[in-house]
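Novice: What would the 3D arrangement of this be:
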Amino acid sequence: MTPDPLLDSLRAAVSAAPGDVPLRLHLAGLLLERGGRDEAVAHLGALLGQDPGNAEAAQLMARALTGTPVAEPKPGFDWAAAESQVADVVSPRFVDGAEAVPTGPAPAELTADVEQPRVTLADVGGMTDVKKRLDAAFLAPMRNPELRKLYGKSLRGGLLLYGPPGNGKTFLAKAVAGELRARFLAVGLDEVLDMWLGNSERNLHELFLAARRAAPCVVFFDELDAIGQKRSRLAGAAARNVVAQLLVELDGVTEDNEGVFVLAATNAPWDVDTALRRPGRFDRTLLVLPPDEPARAAILEYHLRDRPVAGIDLKQLAKRTDGWSGADLAHLCETASERALLASVESGVPREIGMADLLGALPEIRPSAAAWFAAARNVVLYANADGAYDELAGYLKRKKLL
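Specialist: Residues are numbered from 1 along each chain as shown. Predicted structure coming up:
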C-alpha cells in the first residue's frame, strides 16, 4: 500500500483508543477499500473479539475473506486525448496490432524434474484418520480398476491438502505417488511464473505435457493459493490468465489426462479461486492437522535416529508437544543438539544428547501453527456458509479454539 496520511492518522487514533469500536470499524473499511486486506482482517478480528455481535464488522470480515470485488476507480487522465494533442510533435508510442506487444523471449525448453518416490503411507508416522480418508477418497478407486468400472467411479478431479504449515503435506503427496507406484512431479512458483506475457501459461502447459508423457504421474502443486489465487483479487490480466490456463489443463480440454493424478497443497484454501474447487478439478479436500501423539513420537524418533542420543523418553516428549507441527518437532531436535554440542565444546569431551537437553529446549520454541489457527478461526466464523470448513470447525471446537 502507498503511504496515506488519513490512514496513518486513523491508525494512531485506534492505537490511542483501542476500545473505540466505530473508529476501528471505520479504519478497517477504508483499509479494505484501499487494498490493505490483511491489516483490515487483523482489525476486524480484534473488533469482533470486543463486540462479537457487531453485524457490520461480521459483514466486512466476510467480504475480506471471500474476496468480494471492489469497484475499480475511474481513470483520472485521458491518455488518448493527450496523445492526439502532441501527435504532430511526438510520434505515437502505442500502435494497434499484435506486433507492438513485447512478450519477451520464449522460455528455454522446460526440463521437468520427474522423480520416482520410494516412500509410501507406511512411512508416514501416525495420522491414521488422514490415511483412511486418503485411501477412501483417492487411492482405493485408483488401485481397483474393475470395481471402479463396476460402480462408475470417475478418475476426474484432484485432491487439495490444506492446513497449517509444516505438517508434511508435501511428504503425504509423495507417499500417495509411492502408493500408486507413479512418478512424482512437484510444481513450485518458480517453475510456473515468468515476467514475460504468455510465458507462465506456456510453462504450465509444458509441465502438464511432461506429466502426461511420464504417466502414471502425480502432479503436485505446492502453495496453490499463490498460483491459483482468486481472480477477483488479481489486478492484472496476466495473473488471471495463469488461473485460466490451469483450469484448461485440469479439464483436459486439449489433451487427455488419463494417468495424471493432480494433488495440491495450500495453507490458505479460502484464497484459492472458486473455479478450481468445482467438480472435476480440486473437488476433494483433506485437512492435514498437526500430528497426533503417535505421529509426534515417530517424527521425534526420525529426527534423532542419526544423532548420538541416550535415555530419550519419546512418549513423554510426545505428550508435552500437543499442537506442535512436524517442523516444530524437527526444530526441537535441532535445538537440543545445539545445547549438547555447546556443552561438549565447553567441557572438551563429546557427550550424547539427553532428555535434559530436549526438555531444556521445550520452552525456547513456540508452536508455529497458532497464527494459522487464529486466521482459520475467522474463516470458520464468518466465511463458512457452505460448510466447506466444517471439519476444521470441529477440530477448533475440540481444542477449545472456537
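Novice: Please enumerate the strands of the stretch 51-200 of the chain.
Specialist: Using DSSP state E, counting those that start in this stretch, the strands of the stretch 51-200 of the chain run over residues 114-115, 159-162, 183-187.
Novice: Would you confirm that Ala265 belongs to a strand?
Specialist: Yes. Under DSSP: H, G, I helix; E, B strand; the rest coil, Ala265 sits within a strand.
Novice: Spatially nearest residue to it, not counting backbone neighbours?
Specialist: Closest residue in space to Ala265, ignoring its immediate chain neighbours: Lys169 at 3.9 Å, by CB to CB, 6 or more residues apart in numbering. Bear in mind the C-beta positions are built from the backbone N, C-alpha and C, glycine included.
Novice: picking that back up, highest average neighbour count across the strands of the stretch 51-200 of the chain?
Specialist: Comparing the strands of the stretch 51-200 of the chain by mean neighbour count (mean count of other CB atoms under 10 Å), strand 159-162 ranks first with a mean of 24.
Novice: Against which helices or strands is that one packed?
Specialist: helix 169-180, strand 260-266, strand 284-287 (3 or more CB pairs under 8 Å, 6 or more residues apart in numbering; DSSP states H and E).
Novice: Just checking: what are the partner strands of it?
Specialist: Paired with strand 159-162 in the same sheet, following DSSP bridges, are strand 260-266 (parallel), strand 284-287 (parallel).
Novice: State the number of residues packed around Ala298.
Specialist: 21 (other CB atoms under 10 Å).
Novice: Surely it is in contact with Ala122?
Specialist: No. Using CB atoms under 8 Å as the test, Ala298 is too far from Ala122 to be in contact (11.3 Å).
Novice: Buried ones in the helix or strand where Gly360 lies, by neighbour count?
Specialist: Here Gly360 sits within helix 355-361, counting by DSSP states H and E. Using 16 or more other CB atoms under 10 Å as the burial criterion, the residues of helix 355-361 that qualify are Asp357, Leu358, Ala361.
Novice: Distance from it to the middle of the chain?
Specialist: 32 Å (CA atoms, centre = their mean, to the nearest Å).
Novice: So for the helix or strand following it, mean pLDDT?
Specialist: Next helix or strand after helix 355-361 toward the C-terminus (DSSP H and E): helix 370-382. Throughout helix 370-382, pLDDT has a mean value of 93.
Novice: and if you look at stretch 268-278?
Specialist: Mean predicted lDDT for stretch 268-278 stands at 91.
Novice: How far off centre is it?
Specialist: 11 Å.
Novice: buried set for that stretch?
Specialist: Those would be Ala268, Pro269, Trp270, Asp271, Val272, Asp273, Ala275, Leu276, Arg277, for stretch 268-278 by 16+ other CB under 10 Å.
Novice: Show the end-to-end separation of that stretch, please.
Specialist: Stretch 268-278 has an end-to-end distance of 17 Å (CA to CA, to the nearest Å).
Novice: same deal with stretch 356-374?
Specialist: End-to-end distance (CA to CA), stretch 356-374: 32 Å.
Novice: And for that stretch, what's in contact with it?
Specialist: 45, 163-167, 267, 290, 312, 317, 320-321, 323-325, 327-328, 331-333, 335-337, 339-340, 396, 399, 401 (CB atoms under 8 Å, 6 or more residues apart in numbering).
Novice: Please indicate which of these are buried?
Specialist: 45, 163-167, 267, 290, 312, 317, 321, 323-325, 327-328, 331-333, 335-337, 339-340, 396.
Novice: From the residues you listed, which land in helices?
Specialist: 45, 317, 327-328, 331-333, 335-337, 339-340, 396 (DSSP state H).
Novice: what would those look like in TSV with pLDDT?
Specialist: Converted to TSV, those look like this (pLDDT from 0 to 100):
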residue	pLDDT
Gly45	76
Leu317	96
Ala327	93
Asp328	95
His331	96
Leu332	96
Cys333	96
Thr335	96
Ala336	96
Ser337	96
Arg339	95
Ala340	95
Leu396	94
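Novice: Which member of these is positioned nearest Arg118?
Specialist: Arg118 lies nearest to Ala327 out of those, by CB to CB, at 22.2 Å.
Novice: which residue packs closest to that closest one, ignoring adjacent ones?
Specialist: Per CB to CB, 6+ apart, closest to Ala327 is Gly166, 3.0 Å.
Novice: gap between that neighbour and Trp372?
Specialist: Distance, Gly166 to Trp372, using CB to CB, to the nearest Å: 9 Å.
Novice: just Glu364 next, same as before
Specialist: Taking CB to CB, one finds Glu364 at 21 Å from Trp372.
Novice: in the stretch 51-200 of the chain, which spans are helices?
Specialist: 55-66, 79-85, 128-134, 140-143, 145-151, 169-180, 199-213 (DSSP state H, counting those that start in this stretch).
Novice: Check which residues of stretch 115-134 are buried.
Specialist: Buried-residue list, stretch 115-134, by 16+ other CB under 10 Å: Pro117, Val119, Leu121, Val124, Gly125, Gly126, Met127, Val130, Lys131, Arg133, Leu134.
Novice: Okay, domains of the protein per the record?
Specialist: Here the domain parsing of the chain from automatic domain parsing is 5-65, 114-287, 293-364.
Novice: got a list of what Ala265 touches?
Specialist: Ala265 touches Leu160, Leu161, Tyr162, Lys169, Thr170, Ala173, Phe220, Phe221, Asp222, Glu223, Leu224, Val288, counting by CB under 8 Å, 6+ apart.
Novice: Which strand residues bridge the third one?
Specialist: Translated: Tyr162. Tyr162 has these beta-bridge partners by DSSP bridges: Thr266, Leu287.
Novice: circling back to that earlier point, which of the strands paired with strand 159-162 is buried the deepest?
Specialist: strand 260-266 comes out most buried of these by mean count of other CB under 10 Å, with a mean of 25.
Novice: Helix 199-213 and that one, what's the angle between them?
Specialist: 130 degrees (axes from the mean of the first three to the mean of the last three CA atoms, to 10 degrees).
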